[in-house]
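Q: Sequence and predicted structure are below.
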There are 2 protein chains.
Amino acid sequence: MLMVPGPSEPEPEVLTTLALPILPHYGEKWKAVYDDTTTKLQKIFKTDNDVIIVPVPGQLAVEMAVANLVPRGEEAFVCVNGYFSEMIVSMVEYWGGKPVVIRSGLGKAVTQDQVEEAIEKKSDPSGKPIFVVQNETSTGVVSPVEAILKVCKEHGMLTVLDSISAFGGMDVRVDEWGADYAIGYASKAIGGVFGAEPVAVSGDAWKAAKKNSDKIHTRFLNLNVWAKAIEEMGPWGHPHPSSMPTSIIVGLRKAVDLVLKEGLANRYRRHEEVAEFTRKSLGELGLKLFPDKRYLSNTVSVASVDPEVDKKLRGGLASRYDIMIAGGLGELSGKIIRIGHMGTSATIQAVSTTIAAMDAVLRDIRKK
Amino acid sequence: MLMVPGPSEPEPEVLTTLALPILPHYGEKWKAVYDDTTTKLQKIFKTDNDVIIVPVPGQLAVEMAVANLVPRGEEAFVCVNGYFSEMIVSMVEYWGGKPVVIRSGLGKAVTQDQVEEAIEKKSDPSGKPIFVVQNETSTGVVSPVEAILKVCKEHGMLTVLDSISAFGGMDVRVDEWGADYAIGYASKAIGGVFGAEPVAVSGDAWKAAKKNSDKIHTRFLNLNVWAKAIEEMGPWGHPHPSSMPTSIIVGLRKAVDLVLKEGLANRYRRHEEVAEFTRKSLGELGLKLFPDKRYLSNTVSVASVDPEVDKKLRGGLASRYDIMIAGGLGELSGKIIRIGHMGTSATIQAVSTTIAAMDAVLRDIRKK
């Protein structure tokens, strides 16, 4: 059983779609599937913005935002509170931008006040991009993205929202929050399989990419190339610049159908209840939650452990119960355990099975 | 029935693997699958070089070569004889390189002599990259890649071989030919599903990427980031910098198993025989082959048509027989039809069904 913060087990109905005869990535039939999928994804993003599906890993969908919105030599703000937000700093550097890092301690979130302070130091933050990770799976922290994005929009900035590990499990409101480039995910809280990521692109983001045309040093990740493909090849059912993993997207559509059938509010409530149950259960096992209580994620729970327990606990769960939970990344390696409860794993049953197994393994560890 | 030059229908046994429970993209089980897949892919590439699997569209796997091997402001040779090789010129430009184009007419291949002439004009071609597309699906032309690569290696150049539409259907010999960065494909002549591409990387290509470190302006597509991931995360079963579409790769492994079971020599002979049958049959339908006879591809056959026939023929095949063949791209739009016979569609049965349907539709068109 996969109780990691992604991938999660796909919905069984999604897996069966994958064995269907394959669709080519162009033509009328494909256009109907693609358009239907993006239209439904708009509902999860809560946006009227265009949604495109980028057939790359999530981190490359984030890099696509960097390539388009961070002109070489110019500044980009990055809110950093863990491994995945730290990675964005590295991406900005690779693409030749100048990261302006707004950092919080691990287990905490960057606050609205910190963001306000950082951008007010600049004479003209207007038009500059800011990157915010909604849900930092490396620490189990959810950021106050609504407040942060609001401040940035007031300053006319371009906002990039990485909702990868929230999408489908926690509320995302692209239009209300003013996210110009928002990244979802197919195989975490949605219950699809990985291989293609939905991205919501605002009019301002398309415009910024157009303005940056000469400075976007990639063909495939270039939003202008996507805009051209949508315009020129869209009519014959090929609204993207390359081939597409159509099976993955047919699976994603099925997953999205199931999400909408459950209802977004119900789904978010389910994730919230399961998260609360997980936290309470971890406490009963004598484990202390790692994150600050103000910022607890509803799709991943993180507890502190010592290195000895980390190894024995994860090893025991895997070998004795075939349950996979995650350890810490980077400097938190050996210091925390991370339990994903997203999509199919966001059930009391999945979590209580995991907790029961953890209880058994921990008793053995503590006995010795 | 998909009789286009990709995607081809996956092998049925591949499709059924996709419905299996999903593997996470790390850990011992995954490492075993990934290593087994890359080891078997080495046999198709005929190489001892490292094989990595890049979870992106084929064209982005080509762009990855550009990003790593074409330092900004420097020259890169590109052999151009159609839509897909032309696209590489555009990629080199996007990444800030200076393309040196070696061009042949459409329906022809760039020759060894042309390449020799182009590189001898340069005072020092050593270390410079050259890009060659083995099989140009836009025109149905196979290039004399062995001869071209040999000349380039004699000049100490870095060779990039795009074998996307040949891989699994026509011979590829990475080590013997001296290809430093060779790109295969999962869903054309192999019979897998698309979403991840195998790439064979030579020691010289890794070294060139290392030397170019400061000039590779991407994180995920950066071979140095891959090298670091392989070294640091490989031991715990994560020899790549991001998540992976494990289902697609499990499917690819099954496809590769089927390829090796058939035997490469048998498989290439099958593609050759089916290609000859297709060409002969097209002649019997009164259609003239588009490419120069010296360079006929074994995975795609291309015939000249006039725009009226193109539209009615492809439309009739689709609506009356549910058979999809392809039309021309770019300046060849309306002027040619393209029939893919690769992997599962490289059978006398699939082609003769297609030809019989074409015969019926063409008779109706000609009657009017």
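A: Nice, thanks for sending it over.
Q: C-alpha only now, for contacts and for neighbours.
A: OK.
Q: Spit out the contact partners of residue A:148.
A: By C-alpha atoms under 8 Å, 6 or more residues apart in numbering or on different chains, the residues touching residue A:148 are A:111, A:112, A:115.
Q: wait, which of the residues you listed is closest to chain B?
A: Distance ranking of the contacts of residue A:148 against chain B, using C-alpha to the nearest C-alpha, places residue A:115 first at 25.7 Å.
Q: So which other helices or strands are in contact with the host helix or strand of that closest one?
A: Residue A:115 belongs to helix A:112-120 when assigned by DSSP states H and E. Contacts defined by 3 or more C-alpha pairs under 8 Å, 6 or more residues apart in numbering or on different chains; DSSP states H and E place helix A:112-120 against strand A:98-103, helix A:145-154.
Q: Could you list the buried residues of that helix?
A: Residues of helix A:112-120 classed as buried: A:112, A:114, A:115, A:119 (neighbour count, 16 or more other C-alpha atoms under 10 Å in any protein chain shown).
Q: So which residues on the stretch 51-200 of chain A come close to chain B?
A: Contact residues, the stretch 51-200 of chain A versus chain B (C-alpha under 8 Å from any C-alpha of the partner chain): A:55-60, A:63, A:90-91, A:94-96, A:193-195.
Q: Can you tell me which of the residues you listed are buried?
A: A:55-60, A:63, A:90-91, A:94-96, A:193-195.
Q: Just the pLDDT for the residue in the stretch 251-368 of chain A that chain B sits nearest to.
A: Here the residue of the stretch 251-368 of chain A nearest chain B is residue A:324; by C-alpha to the nearest C-alpha that distance is 9.4 Å. The model reports residue A:324 with a pLDDT of 96.
Q: can you list the domains in chain A?
A: With domains defined by automatic domain parsing, chain A comprises A:12-260, A:264-367.
Q: Pick the most buried one from these.
A: Mean neighbour count (mean count of other C-alpha atoms under 10 Å in any protein chain shown) peaks for domain A:12-260 among the domains of chain A, with a mean of 22.
Q: Next, the distance between the ends of that domain.
A: 16 Å (C-alpha to C-alpha, to the nearest Å).
Q: Residue in the stretch 201-350 of chain A with the shortest distance to chain B?
A: When you check the stretch 201-350 of chain A against chain B by C-alpha to the nearest C-alpha, the closest residue turns out to be residue A:217, at 4.6 Å.
Q: Now that that residue has come up, it's in contact with residue B:92, right?
A: No: look at residue A:217 against residue B:92 with C-alpha atoms under 8 Å: they stay out of range, at 9.4 Å.
Q: mind listing the helices for the stretch 51-200 of chain A?
A: Using DSSP state H, counting those that start in this stretch, the helices of the stretch 51-200 of chain A run over A:58-69, A:83-94, A:112-120, A:145-154, A:174-177.
Q: In JSON lines: those helices, plus mean pLDDT.
A: Converted to JSON lines, the helices of the stretch 51-200 of chain A look like this (pLDDT from 0 to 100):
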{"stretch": "helix A:58-69", "mean pLDDT": "98"}
{"stretch": "helix A:83-94", "mean pLDDT": "98"}
{"stretch": "helix A:112-120", "mean pLDDT": "97"}
{"stretch": "helix A:145-154", "mean pLDDT": "98"}
{"stretch": "helix A:174-177", "mean pLDDT": "98"}
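Q: With distance to residue A:210 as new columns, can these be given to me in a markdown table?
A: Formatted as a markdown table, those follow (distance: least, C-alpha to C-alpha, whole Å):
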| stretch | distance to residue A:210 |
| --- | --- |
| helix A:58-69 | 9 |
| helix A:83-94 | 19 |
| helix A:112-120 | 24 |
| helix A:145-154 | 20 |
| helix A:174-177 | 21 |
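Q: for those helices, which one sits closest to residue A:288?
A: Nearest to residue A:288, of all these, is helix A:83-94, at 20.6 Å by C-alpha to C-alpha.
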